[in-house]
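J.: predicted coordinates and the sequence they were generated for:
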Amino acid sequence: MAEKKLNCWEYNKCEREPHGKKVAEFGLCPSAVDTSFDGINSGKNAGRICWAVAGTCQGGEVHGTFAEKRDTCITCDFFRLVQKEEGATTSPTKFLSFLLEKGNNPFLKEMTYQHIKAGERFITQGDVGDSAYVIQQGSCLVVVEKEGELHPSDHRGVGDIVGEMALLTGEARSAHVEAETDMQVWVLKKELFDEISKEDPELQRFLTELVAERFDTKRPVADRRIGKYIATSIAGRGGYSIIYSGVHSLLNMPVAIKMLRHDKAMDPDFSDKFRHEAKTIAQLNHENIVKVYDIEELHKTIFIIMEYLHGVPLDKILKRNPRLPYPRVTDILLQVCSGLAYAHRQGIVHQDVKPGNIFVQADDRVKIVDFGLACCPGDVDNLCWPGNVFYSSPEYIEGDAVDVRSDIYSLGITAYEMVTGQKPFAEEDCVKAMNFHLHESIPDPAALRPDLPGALRDFIVKACQRDPAERYQHLTLALEDLRPLAEEFGLTRDATFVEGNKTATFFLTYKDYHQGVLNELMEEFGARAQQMGIDMKMADLKDM
């Protein structure tokens, strides 16, 4: 949790904050009730930039706007304290620190220097700009103009970059920026930024932090818009993305927003794969697969808009309760099998089935997440992301082609962990874990839990065979093996894991000389159908 810093009324002890002793006599301090600063110090107020709010009290006098009280405010001890604290911060979005950390930084050779006088408006709302400003000395206010009124919305100090959205989007400026004090800044042009950002991985990582900070809840809503959606808070960080909680701006519908990190977004192969998979998964419609609603591209990256889930990932459940009851294990497996089987029929392999990607909601309804987006085939670097390689199939580790049986292997390892409370190997090292998958068979789970139902044991052992040919060839067969156990436990999610059969009939009209070629086609079609768990029968009309 971020350290809480002093608000103006705490520093000056004016006692005009909400419930303060002098509220009845002098009224509430305007900065304590200004809602332009949602999120600062875990509240809605301007207590850290009181000088931006008209009508505040200092030295027993009520002051007007910042333009009217500038001379008084910039000599105030509290103003100087905030300037010092903000200038000394080690925030990862201090662009000046980023520039100075690199010994031979190409930006420093090309940027121009500019002096800005106190009170000068150097960015105008609505203008289309091509420059951002890195503050070396001084500070400024970000002011939003709405319906003829000015609303201060942010404060930038030494080390910060202001006007950065001109570099990322090229869109019209969303606010005015006015110098609080005399300023010394470095001017960074969009053309230079675009050229360097393509090849500089450190800058790409900085961009991710810069955009992430923009979506912080202390920022105005206008700054946190992602197309039709508004980011509200960071929900998590992964190896290639950052997840935000958010809402649809018109429907007020909760959503999850996944932002691709900039180093991945600027990799054409990875970003193309990301887009393709997102569009493919958006077409999936299964109650055990997280829904993808939309895709947005801005700020030099890609955002995936998904269903917002209430609950916890399975890996967190296993940390609290390492060994799950057999009925619950069976229920979770049946739901995951159902969701994966549906996806497999659409030609999609998840590639990263593990407890962290199995989301369990309050009613134990399961959702498979990160579907098809978690890793790219052939990307070796992804193997050592924490938690990934420990569930990977031997063929995936060796870089061979993967298919539905790779997901089945990963699900088998997950099932082993659910019933035994541990992985089938003791190693927590990536390389040693890979060697286990490649060269050793899993221990018999019944050795750790002698009361393990035979159907669960058989599922785990068969799913975890190192040779894909010895595993379940498709999850329909696994569902058939687990269904009697579900009935024994009285599980009632039939709509989830018992899927009705459909029958399709088609007629072929052909000449006798087509018979040989047709037989070959039917054999190939039949073999493919069998792999998918489809029962096919063929007969001549004269036999029917």
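T.: Sure, I can see it.
J.: ramachandran coordinates for L150?
T.: phi -100, psi 130 (degrees, to the nearest 10).
J.: state the number of residues packed around it.
T.: Applying other CB atoms under 10 Å, we find 19 residues neighbouring L150. For glycine as for every other residue, the C-beta is placed from the backbone atoms N, C-alpha and C.
J.: that one bridge partners, please.
T.: E145 (DSSP bridges).
J.: go ahead and confirm it touches Q125.
T.: No - between L150 and Q125 there is no contact under CB atoms under 8 Å: 9.7 Å.
J.: any shared contact partners between those two?
T.: By the contact definition CB atoms under 8 Å, 6 or more residues apart in numbering, L150 and Q125 are jointly contacted by V143, V144, H176.
J.: just to check, the second one is in contact with I123?
T.: Spelled out, it's V144. No - V144 is not in contact with I123 according to CB under 8 Å; the separation is 11.8 Å.
J.: ranges for the strands of the stretch 51-200 of the chain?
T.: 57-58, 61-62, 112-116, 121-123, 131-137, 140-146, 149-156, 161-162, 176-179, 183-189 (DSSP state E, counting those that start in this stretch).
J.: rewinding a little: can you redo the shared contacts of L150 and Q125 as a markdown table with distance to G239?
T.: Formatted as a markdown table, the shared contacts of L150 and Q125 follow (distance: CB to CB, whole Å):
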| residue | distance to G239 |
| --- | --- |
| V143 | 38 |
| V144 | 35 |
| H176 | 38 |
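J.: quick one: which of those is nearest T330?
T.: Nearest to T330 out of the shared contacts of L150 and Q125 is V144 (CB to CB; 55.0 Å).
J.: what's around the closest one, how many residues?
T.: 19.
J.: look at it and report its pLDDT.
T.: On pLDDT, V144 comes in at 82.
J.: now do the helices in the stretch 1-150 of the chain.
T.: Using DSSP state H, counting those that start in this stretch, the helices of the stretch 1-150 of the chain run over 8-12, 23-26, 30-33, 66-73, 77-88, 95-101, 106-110.
J.: what does the fifth one rub up against?
T.: Which is helix 77-88. By CB under 8 Å, 6+ apart, helix 77-88 touches 5-6, 8, 11-12, 48-51, 73, 139, 155, 157-159.
J.: picking that back up, what sits in contact with each of V144 and I123?
T.: A175, H176.
J.: so R16 makes contact with F26?
T.: Yes - proximity of R16 to F26 meets the contact threshold set by CB under 8 Å, at 5.7 Å.
J.: so which of these two has more stuff around it?
T.: The neighbour comparison of R16 against F26 (other CB under 10 Å) goes to R16, with 22 against 14.
J.: residue contacts, that one?
T.: Contacts of R16 (CB under 8 Å, 6+ apart): W9, K22, V23, F26, G27, L28, C29, A32, C57.
J.: what about the last one, distance to L28?
T.: Translated: C57. 11 Å (CB to CB, to the nearest Å).
J.: repeat for the first one
T.: Between W9 and L28 the computed distance is 10 Å (CB to CB).
J.: and if you look at the second one?
T.: In this structure, K22 lies at 10 Å from L28, with CB to CB as the measure.
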